[in-house]
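Asks: Sharing a model prediction with you, sequence too.
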Amino acid sequence: MTNRHVMARKPVIFSTLGDAGGIGPEIVARSLGHPDATNGVRRLIVGPLHVFETGCQIAGVNAQLPAFTDIDEALASDSSLAFLEYNPSGLSEPETGIASAASGVCDLDVARLGADLSVQGRVDGFVFAPVNKLSLKLGGSRFEGYKAYIAEHLGVKASSAEINTIGHLWTTRVTSHVSISDVPKLVTKASVLETIRYFDRELRRFGHEDPRIAVSGLNPHNGDGGMFGLEEIDHIGPAVEEARKVCRNVDGPFPPDTVFLTAQREGYLGVVSMYHDQCQIATKLLGFDAGVTYFGGLPFPITTPAHGTAYDIAGKGVASETPMVNALKLMRRAALTAKGLPA
């Protein structure tokens, strides 16, 4: 049976260890105690074997899974859980709790492998444990994060926004990692409209038909008719009206200070905010320990826990695996839905 036939039978999730000096290896190890997170799919954990073994020791996990050094053999295996030893840069035992070029190089190597296998149709989704921006930079990346690096590697030019979910609520934003002083000029009818359409499209990827989306304003009290800013009148409101021609269940703009209350009370699935902290503060208050980040705009889906490498607690065995498990569950849903299988 060929790899392609295996893939048609059961989707494969490419799962990484994350930054070797952070909590990634230990939460990956602990996630093995939640087999329901990958029910109906195959999970291939990829990275340096000794880093994974260290993570298992920290987490107190006795991992029993087949390990491979050959990619083709790993993908041909019928095991629902397997490990692929992949360490082309020769990462040695890293120092816990700090960023390093060695960890960054290793993460970038794994990113390229996962991206290549995904576009080849050999794996169906990419779940990465937390990486560190400084490690990636020291390792040679000129981008602020993993997704942008992967996009350049694949030659993908389409823009996309980060999406976060805590299960019952999804969020995205028109602007992200920019100075707050730059936000107003970046909130245009075109940028808001593009974000709404992108959000609607990606929510449907997870089986949500006609998702209800609430769009936030930018200014206090939505600008109070232009007294405190014109973005709602000139850009956000017109973008919502235009979006309704395709996305039937989009409403707004809602005042930023109550949009999440409205979403909770009236059953909106998603909220489009205008800038990073406008949505992230609310999302993390509502479900920090459950949060997952999803990256769209690529030929394949990517998920990751909505937290960082947590160097301050790395190696102490206290990191929660819940966001990692949720990232796997979300990817499982995306992979099964894409193949028309029940999720």
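Replies: Yep, that arrived. Numbering: from 1, shown residues only.

Asks: Next one: the residue nearest to Ser141 when sequence neighbours are not counted relative to Ser181, how far apart?
Replies: Using C-beta to C-beta, 6 or more residues apart in numbering and skipping residues adjacent in sequence, the residue nearest Ser141 is Tyr149, 4.9 Å away. For every residue, glycine as well, the C-beta is placed using N, CA and C. Distance from Tyr149 to Ser181, counting by C-beta to C-beta, to the nearest Å: 27 Å.

Asks: what about the two, which has more around it?
Replies: Under the neighbour definition other C-beta atoms under 10 Å, Tyr149 and Ser181 were set side by side, and Tyr149 has more, 22 against 7.

Asks: Tell me if I'm right that Ile180 and Leu218 touch.
Replies: No: Ile180 is beyond contact range of Leu218, at 11.1 Å (criterion: C-beta atoms under 8 Å).

Asks: what do these two both touch?
Replies: Tyr275 (C-beta atoms under 8 Å, 6 or more residues apart in numbering).

Asks: Give me the more crowded residue out of those two.
Replies: Leu218 (25 against 11).

Asks: Would you mind giving the secondary structure of that one?
Replies: Counting by DSSP: H, G, I helix; E, B strand; the rest coil, the backbone at Leu218 sits in coil.

Asks: where does it land on pLDDT?
Replies: Predicted confidence (pLDDT) for Leu218: 98.

Asks: Distance of it relative to Val192?
Replies: Distance, Leu218 to Val192, using C-beta to C-beta: 10 Å.

Asks: can you list residues touching both of these two?
Replies: Residues touching both Leu218 and Val192 by C-beta under 8 Å, 6+ apart: 236, 274.

Asks: ok, Ala214 to Val259 distance?
Replies: For Ala214, the distance to Val259 - C-beta to C-beta - is 6 Å.

Asks: Check the contact lists of these two and give me the overlap.
Replies: Counting by C-beta under 8 Å, 6+ apart, the shared contacts of Ala214 and Val259 are 252, 271.

Asks: Can you classify the residue nearest to Ser141 by secondary structure?
Replies: Tyr149 - assigned by three-state DSSP - is helix.

Asks: which residues touch it?
Replies: Residues in contact with Tyr149 (C-beta under 8 Å, 6+ apart) are 108, 111, 136, 141, 143.

Asks: Kindly report the same for Ile71.
Replies: Going by C-beta under 8 Å, 6+ apart, Ile71 touches 84, 86, 113, 117.

Asks: 7 Å - rerun?
Replies: With contact taken as C-beta atoms under 7 Å, 6 or more residues apart in numbering, Ile71 is in contact with Leu84.

Asks: ok, so what distance separates it from Pro253?
Replies: To Pro253, Ile71 is 48 Å away according to C-beta to C-beta.

Asks: And the strands in the stretch 151-300 of the chain, which stretches?
Replies: Applying DSSP state E, counting those that start in this stretch to the stretch 151-300 of the chain gives strands spanning 162-165, 170-173, 213-216, 250-254, 270-273, 292-295.

Asks: Identify all contacting residues around stretch 253-261.
Replies: Stretch 253-261 is contacted by residues 214-218, 221-222, 232, 236-237, 240, 262, 271, 278, 282 when judged by C-beta under 7 Å, 6+ apart.

Asks: from those residues, which two are the most distant?
Replies: In terms of C-beta to C-beta, the contacts of stretch 253-261 reach their longest pairwise distance at Gly237 and Ala282, which sit 21.6 Å apart.

Asks: Between these two, point out the one with more neighbours.
Replies: Neighbours per residue (other C-beta under 10 Å) separate Gly237 from Ala282, with Ala282 holding more: 22 against 19.
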